[in-house]
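Q: 3D model of this:
(chains A and B)
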Number of protein chains: 2
Amino acid sequence: MKVKILDNIDTRAEIVYISPEDNDPRDAQTELAQLILDQKKKLVHVVISDMVIKGEIGIPKNLGDRLNIQTGNAIAIKPRHRPVSYPLIMKKYDHKKWSGEDLRIIIDDMYQGNVSDLEYAAFTLAMQYESLDMDETEQLTRAFTLHGETIEFNEPVYDKHSIGGIPGNKVSLLIVPIIAASGLLIPKTSSRAITSPSGTADTMEVLCDINFSAQEILEIAPKTRGMLVWGGQLNLAPVDSEIIKRVERPLSLDPESVIIASILSKKLSTGVKHMVLDMPTGAETKMITRNDSKQLSHLFVEIGRKVGIEVECALTYADQPVGHAIGPALEAREAIATLMGKGPRSVLEKSIELSGILFEMAGLAQRGKGSVIAEEIVKSGKAIKKFWEIVEAQGGNPNTTLEDIQVGQYTAPIHAKEDGYITQISNSQIKVIATALGCPSDKKSGMIIKRKAGEFVKKGDTIIELFSSRENALDIALQAASVKPPFRQEGMVLERIGSGSIELNRT
Amino acid sequence: MKVKILDNIDTRAEIVYISPEDNDPRDAQTELAQLILDQKKKLVHVVISDMVIKGEIGIPKNLGDRLNIQTGNAIAIKPRHRPVSYPLIMKKYDHKKWSGEDLRIIIDDMYQGNVSDLEYAAFTLAMQYESLDMDETEQLTRAFTLHGETIEFNEPVYDKHSIGGIPGNKVSLLIVPIIAASGLLIPKTSSRAITSPSGTADTMEVLCDINFSAQEILEIAPKTRGMLVWGGQLNLAPVDSEIIKRVERPLSLDPESVIIASILSKKLSTGVKHMVLDMPTGAETKMITRNDSKQLSHLFVEIGRKVGIEVECALTYADQPVGHAIGPALEAREAIATLMGKGPRSVLEKSIELSGILFEMAGLAQRGKGSVIAEEIVKSGKAIKKFWEIVEAQGGNPNTTLEDIQVGQYTAPIHAKEDGYITQISNSQIKVIATALGCPSDKKSGMIIKRKAGEFVKKGDTIIELFSSRENALDIALQAASVKPPFRQEGMVLERIGSGSIELNRT
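A: Purely as a prediction, here's the structure:
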């Protein structure tokens, strides 16, 4: 059939239009039909309408853009058949183990576009119900790398990754230049924010371009030794991305086996050989207890070893945000200030500790001594010099000053309502307020947490300063903060127990 | 917003159209929005198009029909929020037990139209992964009865149900009149075929109407003492039906907990107090081994007891189809012939045995003696008389003769290719061939299995005779039969072991 792009139809649902005079190829069981392009297939819903004539297939513009097809292209549409991988997916519901071959067939079928959302869900939910064993996770990791882009350097690639969950975690902007300044190769691909106020890619984008092709990365990184680019446009492990988009995000799932395979497969695809993995551990993060973190760490180390990546995990303090700045522009500022020796100790310390682990893995320092090298690289000014070199190589201005980085014109303080110690800064409420302010799409929005847990403050002191580009967003954020405050304050005496509260034993 | 029914749009996908000038209320996570009718809500995909003007909401005709809304009705559309039951559904993935309250909230949320397909899948797949325990299954059964139609008689209701999986199982058409003839009340609701060539409702529909409202059933059944109606239009346990439609059918799932809750909740809703449950057990059915059947039977008996239904299960022979006729018209003919004393012994025997169990449950016979009463009712002619009385009460012609029941004009035999014993008739291949012939929608299609397992046949003998209303369908069926024959034939010597096949021990 001939494609007709429908400019007046905009929808995120995957639907196509065919004429009432053409045969309706839908599958009665699932209401889906299969669109067949040159090499690829895609499951779509079929709408019968006289918007198109016989022999035409109407494709909404945004779907056409995604599939890269134009009016006049030839396309086939057929009833959808149950994918060959279906019985393999369902094996898990008979409590059987997936073999490497099973997982290859399943992932390949998904890549080919044969698998429906419900079948994707069956696959992912099985792993949510019961984690895969070590072999299966290894095989899933390998299967994810069978499709999509790969980048191969002819020298060892170092990497730092965070499993996330903690706001303000801008340490990649420090670690990459620290490592690169030592001569090791660290072409880091990062994500945009998923649940955090600003992903590393969002923050870096304040200063320079982050969209590079595999070829460009292969050209630039060996010179600068480090890069900070967005992994999203690289089409690494595309089936993993589909699983995230179709099941994990809509259902807020994060099965352990997929976390591991997802991260390690993307690292494998980009040639990473040594990686330090930041595991923020604490209240209101993904890893609540040290025990959870430790168990997941052991799996990462072991499965990394099996697929050829040396992994060291660092359980990091995460009971409150890292540093003071939250939001893309504010975090970029704080990262640069810290590289210049003017930032918060917590950000510097986390960055040099994680860098130090990589130096030790590289054999540049004895165990426990790597952070000394990292600190020296920062103090000497080599790290900040390298940072601007990377920004310049990625098309940014290396003469940017902190003042050049603009932040939202609408600001408002959140004050202490009483004297007392701050006993908690809530990660989750900080995220809610940051989202209300416009993070991450409004790059100038965010907040500075001026006083952190453990500090004594007086009534009326500013605890947090909010920033936004939109006055309205500021109002909504203030309202969110007043409904549920982002910090908790208490006096030194947390509770008072007197005779009135004691039940006396009468004898 | 004002509804505009779009007559020129036909789709099974649940989509609505709004104008580019109206705000797009979609949820970024799932691409869904929530349509709000008077009392009910529904999740839909949103398409932005100039097919409608500002303030209008375009609704495809078939969706409008299902929701019973017309052009001009007022309707609201809002971003979709995660349903309140979401964390309760996901509890199962933390290996926690569902309480009765949890299940009530989940089922209620589903009934309200707040739950997406993926969330429905998460609920159902959890039960596929691990069966619910006894308490949970009881609570699920009760939760299913919270919505939809209920029918309450003021006397005990008897029932016969089959868990299915066996072709040719027309015994309900015999059991209902046998029981009703004794004076017991058996207003049986049946399903249409799901995977079988003909459901009881499909078969009965050859002779009379099967669509009756709850009110009509309450009026007719006490007089005839028995009915055979389609349960599908009664809106019994509607959330169970949604689970079947949205998840179980597209994924071909049948979680044990849902089988039990699904059957028992529909029985509870129709006031059933005593039920005999037919569990066809054998090769190529749902229950392969006796052990599977026994385990499921015990659960049915126990959960039935908890919800107030006395259940007795009968494991029945199912290594080959029941009787000789397959397909709506042919099965109707065979059922009537059997009631007239001219049918196959296997159909009669299964019918009187299952009826006998109900007589014993009713206290009309001692244990093991019920089938004597049943056989007497058939032999005396009371059963066939009652059958025509029921047909007449349901709007059919009580003077219908076997010859009046028309079958397909296109027929073809399948012959034995050699002399030998028939060692197997394949249930699954019989279903494939019957579907190709047009079952169940072409009521005149089907087949007569003339020779069954254990019989000796000579080369060229007709084993099966096919019927269809369409010549083309007959060809396809013959092709399916030649690709994979529906029966297996062997000589009396099944294998020959001679010295050539024996590995000699050299000493």
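Q: residues in the stretch 251-400 of chain A within reach of chain B, list them.
A: When proximity is defined as C-beta under 8 Å from any C-beta of the partner chain, the stretch 251-400 of chain A approaches chain B at A:251-252. All C-beta atoms are positioned from the backbone trio N, CA, C, and that covers glycine.
Q: In the stretch 251-400 of chain A, what residue comes closest to chain B?
A: Distance from chain B to each residue of the stretch 251-400 of chain A (C-beta to the nearest C-beta) is smallest for residue A:251, at 5.6 Å.
Q: what about the closest residue to that residue other than its chain neighbours, is that helix, strand or coil?
A: Spatial nearest neighbour of residue A:251, excluding adjacent residues (C-beta to C-beta, 6 or more residues apart in numbering or on different chains): residue B:118 at 5.6 Å. Reducing the assignment at residue B:118 to three states with DSSP: H, G, I helix; E, B strand; the rest coil gives helix.
Q: Residue B:118 touches residue A:247, doesn't it?
A: Yes: with contact taken as C-beta atoms under 8 Å, residue B:118 and residue A:247 are classed as touching, separated by 6.7 Å.
Q: intersection of neighbour lists for these two?
A: In the contact map built from C-beta atoms under 8 Å, 6 or more residues apart in numbering or on different chains, the residues linked to both residue B:118 and residue A:247 are A:117, A:121.
Q: Identify the residue spatially nearest to residue A:256, adjacent ones excluded.
A: Distance criterion C-beta to C-beta, 6+ apart; nearest residue to residue A:256, sequence neighbours excluded, is residue A:131 at 4.8 Å.
Q: residue contacts, that neighbour?
A: Remark: with contacts taken as C-beta under 8 Å, 6+ apart, residue A:131 is in contact with A:137, A:255-257.
Q: hmm, 10 Å instead?
A: Counting by C-beta atoms under 10 Å, 6 or more residues apart in numbering or on different chains, residue A:131 touches A:137, A:255-260, A:295-296, A:299.
Q: Among those, name the buried ones.
A: Among the contacts of residue A:131, those buried by neighbour count (16 or more other C-beta atoms under 10 Å in any protein chain shown) are A:137, A:255-260, A:296, A:299.
Q: Next step: these restricted to helices.
A: In helices, judged by DSSP state H, the following of these are found: A:137, A:256-260, A:296, A:299.
Q: Could you state which residue of chain A sits nearest its centroid?
A: When chain A is reduced to its mean C-alpha position, the nearest residue by C-alpha atoms, centre = their mean turns out to be residue A:191, at 4.4 Å.
Q: Tell me if I'm right that residue A:126 and residue B:130 touch.
A: No: counting by C-beta atoms under 10 Å, residue A:126 stays clear of residue B:130, with 11.0 Å between them.
Q: Neighbour count: the two, which is higher?
A: Relative neighbour count places residue A:126 above the other of residue A:126 and residue B:130, with 22 against 16, counting by other C-beta atoms under 10 Å in any protein chain shown.
Q: Find the nearest non-adjacent residue to that one, please.
A: Among residues not flanking residue A:126 along the chain, residue A:92 sits closest, at 3.8 Å (C-beta to C-beta, 6+ apart).
Q: tell me the SS of the one you found?
A: Secondary structure of residue A:92, reduced to three states by three-state DSSP: helix.
Q: Is it correct that it is in contact with residue A:99?
A: No: no contact is recorded between residue A:92 and residue A:99 when judged using C-beta under 10 Å, the distance being 11.9 Å.
Q: okay, and the common contacts of those two?
A: residue A:136.
Q: Tell me which of these two has more neighbours.
A: For residue A:92 versus residue A:99, neighbours defined as other C-beta under 10 Å are more numerous around residue A:92 (23 against 14).
Q: which residues of the stretch 51-200 of chain A fall in strands?
A: Listed in chain order, the strands of the stretch 51-200 of chain A (DSSP state E, counting those that start in this stretch) span residues A:56-60, A:76-79, A:157-162, A:186-190.
Q: Buried residues of the second one, list them for me.
A: The one in question is strand A:76-79. residue A:77.
Q: Restricting to C-alpha, output that strand in CSV.
A: Listed next in CSV are the C-alpha coordinates belonging to strand A:76-79 (Å, rounded to 0.1, in the frame of the first residue of the first chain):
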residue,chain,number,x,y,z
ALA,A,76,2.5,-3.6,3.8
ILE,A,77,0.0,-4.3,6.5
LYS,A,78,-0.9,-7.8,7.7
PRO,A,79,-2.8,-9.5,10.5
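Q: on that earlier part again, so which of the strands of the stretch 51-200 of chain A comes closest to chain B?
A: For the strands of the stretch 51-200 of chain A, the distance to chain B is smallest for strand A:56-60, at 7.6 Å, taking C-beta to the nearest C-beta.
Q: elements contacting the closest one?
A: Contacts of strand A:56-60 with other secondary structure elements, assessed using 3 or more C-beta pairs under 10 Å, 6 or more residues apart in numbering or on different chains; DSSP states H and E, are made with strand A:2-6, strand A:9-10, strand A:15-18, strand A:41-49, helix A:61-67, strand B:41-49.
Q: all helices for the stretch 301-450 of chain A, in order.
A: A:328-339, A:345-361, A:370-379, A:382-393, A:427-437 (DSSP state H, counting those that start in this stretch).
Q: returning to what we had before: mind putting the strands of the stretch 51-200 of chain A in JSON lines, mean pLDDT included?
A: Output for these, formatted as JSON lines (pLDDT from 0 to 100):
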{"stretch": "strand A:56-60", "mean pLDDT": "93"}
{"stretch": "strand A:76-79", "mean pLDDT": "88"}
{"stretch": "strand A:157-162", "mean pLDDT": "97"}
{"stretch": "strand A:186-190", "mean pLDDT": "96"}
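Q: will you turn those strands into CSV that also has distance to residue A:109?
A: Compiled in CSV, the strands of the stretch 51-200 of chain A are given as follows (distance: least, C-beta to C-beta, whole Å):
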stretch, distance to residue A:109
strand A:56-60, 23
strand A:76-79, 16
strand A:157-162, 28
strand A:186-190, 26
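Q: number of nearby residues for the residue lying closest to residue A:286 once chain neighbours are set aside?
A: Beyond its immediate neighbours in the sequence, the residue positioned closest to residue A:286 (C-beta to C-beta, 6+ apart) is residue A:165, lying 3.9 Å away. Other residues near residue A:165 come to 23 when the count uses other C-beta under 10 Å.
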